[in-house]
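Peer 1: below: sequence and its predicted model.
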Protein chains: 2
Amino acid sequence: MTLKELAERLELSPTTVSRALNGYPEVNADTRARIVTAAREYGYRANTMARKLATGRSMAIGHVIPLSAHQMINPIFAEFMAGASEIYSSEGYETLLSAVPQANEVQTYRELARRRSVDGLIVHTPRLDDPRVDLLRELGLPFVVHGRSVDIDEDRPVYLDINNRRSFEFATNYLIELGHRRFALLNGIETISFARRRRFGFEQALDAQGLRAPASRMVNMEMTETNAYDVTCRWLREPQPPTAILTSSTISALGVARAVRDAGLELGVDVSLISHDDDLSFMANEGDPPPFTVQRSSVRDAGAKCARMLIDHIAGKKVSSEIWDCEFIEGRSTGPAPKET
Amino acid sequence: MTLKELAERLELSPTTVSRALNGYPEVNADTRARIVTAAREYGYRANTMARKLATGRSMAIGHVIPLSAHQMINPIFAEFMAGASEIYSSEGYETLLSAVPQANEVQTYRELARRRSVDGLIVHTPRLDDPRVDLLRELGLPFVVHGRSVDIDEDRPVYLDINNRRSFEFATNYLIELGHRRFALLNGIETISFARRRRFGFEQALDAQGLRAPASRMVNMEMTETNAYDVTCRWLREPQPPTAILTSSTISALGVARAVRDAGLELGVDVSLISHDDDLSFMANEGDPPPFTVQRSSVRDAGAKCARMLIDHIAGKKVSSEIWDCEFIEGRSTGPAPKET
DNA sequence: CGTTCCTCTCAAAGCGTTTTGACGATATGC
DNA sequence: GCATATCGTCAAAACGCTTTGAGAGGAACG
């Protein structure tokens, strides 16, 4: 069923039918009612491609996920997408996904722009000196960054980020106040900018107390359960093991927890742990109190928010960047520093 | 830069240019070379929407993810998508994602079909008596099912599944041979068909030995770490706790492991655990031996395979369904049944 | 009654491709 | 040398919608 056919059946012109269905004002209320009813009856839907061609808008938002060298897929990404995708659907947008090897990333953005496949893009996990921001500006595609790319205050793109520095500074201070002195940080890879910010917060808090963590106690790696387990096991075998560990995801936190238990120690007693918590649905840190003490910020909400910002941005509205604070949640993984033996 | 402009610059007709770029044979080799060079030079790319409209093919594959009532996002899904998406890109297809509340699911499929937005679909985690298979047939859209919907041998759609029944039967037998007699099964929700198959395998193996697990020891729930933890804690507090647990995902396995340790018991000694393992990149069950004994099947590979099958299906090739066997991997979570005290 | 102004509807011109069918020009066969 | 095939190119017609600009018909006004 095409617009033309529908118009013929109604003995109206395609123009009128199109206008009626798209809510333009210049059509008689009775006529519109007739058209809408008929459209529903025949199950008519405008052909997406024809509409896109005619309007020049693709009504699609692109997400480019680079498959990293280690072929690691960020589970956080799925949660973000769920949040974003819901908003897109409700606004009539489609979600276009491109999983490409990181080497083809720039090329993918270029293609997307040249073929006019998307009206806008979300840039995920910006890296330091990320080329994508400049690229997208050059290509003239609207975009929103999830995270912050650079620290320069002017000429920043629209972004949504959490206050990583403050979050980790706060968490570190919390542990310092519990009497901890030997710290370790299990962080994401530092080419991704949030990892740097977290480290700054961590170091800043320690610094203020004249403390510091040796380089071997600040590790950057992909945040898998196994990686976290391995590193923690190593730390716990050292003569003066850390008593306070900060980690960048609940997945790593599980690895830390496993290592602590395997070492015959108890979390919240011998070793305290604070994690960042993206509030992943399948990895919920629930309970009263929950198992882990965390700094929580829902990545799903972030997805929804970014989607809104981008849609507004595309619509030409002025949107301003946001920085969210994490919610500190006391769980069972923290406690006073153990007495020195 | 449009086709027409490019043609003008070359003093050729759009027809010839289009043919040259799309590799049709009826164009002179010299002319083609000239055209290709010019296209590259000007950075010309065909406008996707115009092409779609003209060809009637959308060159996009749809994935509809229902957001369940509990707002739970399947992390397995992300991994599947990564595998599939890579294939799509390499074949020139785009990936269209729709995250919709489960209530709108059928409607979403209908829309997708009526607007002709996609050339084909992947149906995820089919449920028992899944309406989607019939719906898609009615709509005439090619699709591939990841998992199996029904057991009727005839008139099955094209699908890719793993041998869930056999996998769990084998795992259960393995534990029986280790001397275990008190079993428990931590399963996914049974409206999803794989969960039923796994239970059948489990029960079949027990049955063959005259054993059975009480209903309270066969639990169906969303596979989160916390859920698994809670249920296992409850079991371990019972007078005759299970010594052998089977679970449907490594995420639940982590919950079980945490509960076992919190109960002061040791995995592989007091309690044995075999898990299904989707080989998620962020949840890798690595080590030598790995922490968990598992039945492994890469969901990422499954994604890639489904993508291939679907593309072939769309191309009109005959494709046949596949059932994959899991790979049994012995880890440290299993051991001989503890002696009765 | 003539003019002006709305209101509603329509014909037609895009949007940027692909694809059909035709047509000169050159090569091939007898 | 004439008919026939082959090659390379093109004009024009889709594809199914939106949007522009115009016009028919009535109502309102002087």
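Peer 2: Received, thanks. Numbers count the residues shown, from 1 in each chain, chains lettered A, B, ... in the order given.
Peer 1: show me where chain A has strands.
Peer 2: A:60-67, A:94-101, A:120-123, A:143-146, A:159-162, A:183-187, A:218-220, A:244-247, A:272-277, A:293-296, A:322-324, A:327-329 (DSSP state E).
Peer 1: what about A:Ala33, how many neighbours?
Peer 2: Using other Cβ atoms under 10 Å in any protein chain shown, A:Ala33 is surrounded by 11 other residues. Yep, even glycine has a C-beta here, placed from its N, CA and C like the rest.
Peer 1: tell me the confidence at it?
Peer 2: At A:Ala33 the predicted local confidence, pLDDT, stands at 94.
Peer 1: do the same with A:Gln71
Peer 2: Listed pLDDT for A:Gln71 reads 56.
Peer 1: circling back to that earlier point, most tightly packed of the strands of chain A?
Peer 2: Among those, the stretch with the highest mean neighbour count (mean count of other Cβ atoms under 10 Å in any protein chain shown) is strand A:244-247, at a mean of 30.
Peer 1: can you tell me if that one touches chain B.
Peer 2: No - contact check for strand A:244-247 against chain B, using Cβ under 8 Å from any Cβ of the partner chain: none in range, with a minimum separation of 13.7 Å.
Peer 1: what's that strand packed up against?
Peer 2: Helices and strands touching strand A:244-247, by 3 or more Cβ pairs under 8 Å, 6 or more residues apart in numbering or on different chains; DSSP states H and E, are helix A:164-177, strand A:183-187, helix A:225-237, helix A:250-262, strand A:272-277.
Peer 1: now do the last one: which elements does it pack against?
Peer 2: Meaning strand A:272-277. In this structure, strand A:272-277 makes packing contacts with helix A:164-177, strand A:244-247, helix A:250-262, strand A:293-296, judged by 3+ Cβ pairs under 8 Å, 6+ apart.
Peer 1: residue ranges with poor pLDDT in the stretch 1-150 of chain A?
Peer 2: Across the stretch 1-150 of chain A, the stretches falling below the confidence threshold (pLDDT under 70) are A:68-73, A:150.
Peer 1: same thing but at 90, please
Peer 2: Along the stretch 1-150 of chain A, the parts satisfying pLDDT under 90 run over A:1, A:26, A:65-79, A:82, A:86, A:89-90, A:92, A:98-105, A:125-131, A:148-150.
Peer 1: compare the mean pLDDT across the helices and strands packed on strand A:272-277 and name the weakest.
Peer 2: Mean pLDDT is lowest for helix A:250-262 among the helices and strands packed on strand A:272-277, at a mean of 93.
Peer 1: touching chain B at all, that one?
Peer 2: Yes - with Cβ under 8 Å from any Cβ as the criterion, chain B is reached by helix A:250-262 at A:251, A:254, A:257-258, A:261.
Peer 1: any idea which of these is closest to DNA strand D?
Peer 2: Distance to DNA strand D across these (Cβ to the nearest atom of the strand) is lowest for A:Ile251, with 44.9 Å.
Peer 1: measure that closest one to B:Gly83 for me?
Peer 2: A:Ile251 sits 20 Å away from B:Gly83, taking Cβ to Cβ, to the nearest Å as the criterion.
Peer 1: who's more crowded, the two?
Peer 2: More neighbours sit around A:Ile251 than around the other of A:Ile251 and B:Gly83, counting by other Cβ under 10 Å; the figures are 27 against 22.
Peer 1: any idea how far the more buried one lies from A:Ile65?
Peer 2: According to Cβ to Cβ, A:Ile251 stands 18 Å off from A:Ile65.
Peer 1: likewise for A:Arg234?
Peer 2: Plainly put, A:Arg234 is 31 Å away from A:Ile65 if you go by Cβ to Cβ.
Peer 1: taking the stretch 51-200 of chain A, what residue is nearest to DNA strand D?
Peer 2: Counting by Cβ to the nearest atom of the strand, the stretch 51-200 of chain A gets nearest to DNA strand D through A:Ala54 (3.3 Å).
Peer 1: contacts for stretch A:173-183, please.
Peer 2: A:172, A:202, A:205-206, A:209, A:211, A:213, A:217, A:240-246, A:272, A:274, A:293, A:328, A:334-337 (Cβ atoms under 8 Å, 6 or more residues apart in numbering or on different chains).
Peer 1: I should have written stretch A:45-61 there, sorry.
Peer 2: Outside stretch A:45-61, the residues touching it (Cβ under 8 Å, 6+ apart) are A:2-3, A:21, A:84, A:88, A:92-96, A:116-122, A:307, A:310-311, B:47-50, B:52-53, B:58, B:111, B:114-117.
Peer 1: make JSON lines from the helices and strands packed on strand A:272-277 and add distance to B:Leu160 to it.
Peer 2: Formatted as JSON lines, those follow (distance: least, Cβ to Cβ, whole Å):
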{"stretch": "helix A:164-177", "distance to B:Leu160": "40"}
{"stretch": "strand A:244-247", "distance to B:Leu160": "36"}
{"stretch": "helix A:250-262", "distance to B:Leu160": "27"}
{"stretch": "strand A:293-296", "distance to B:Leu160": "37"}
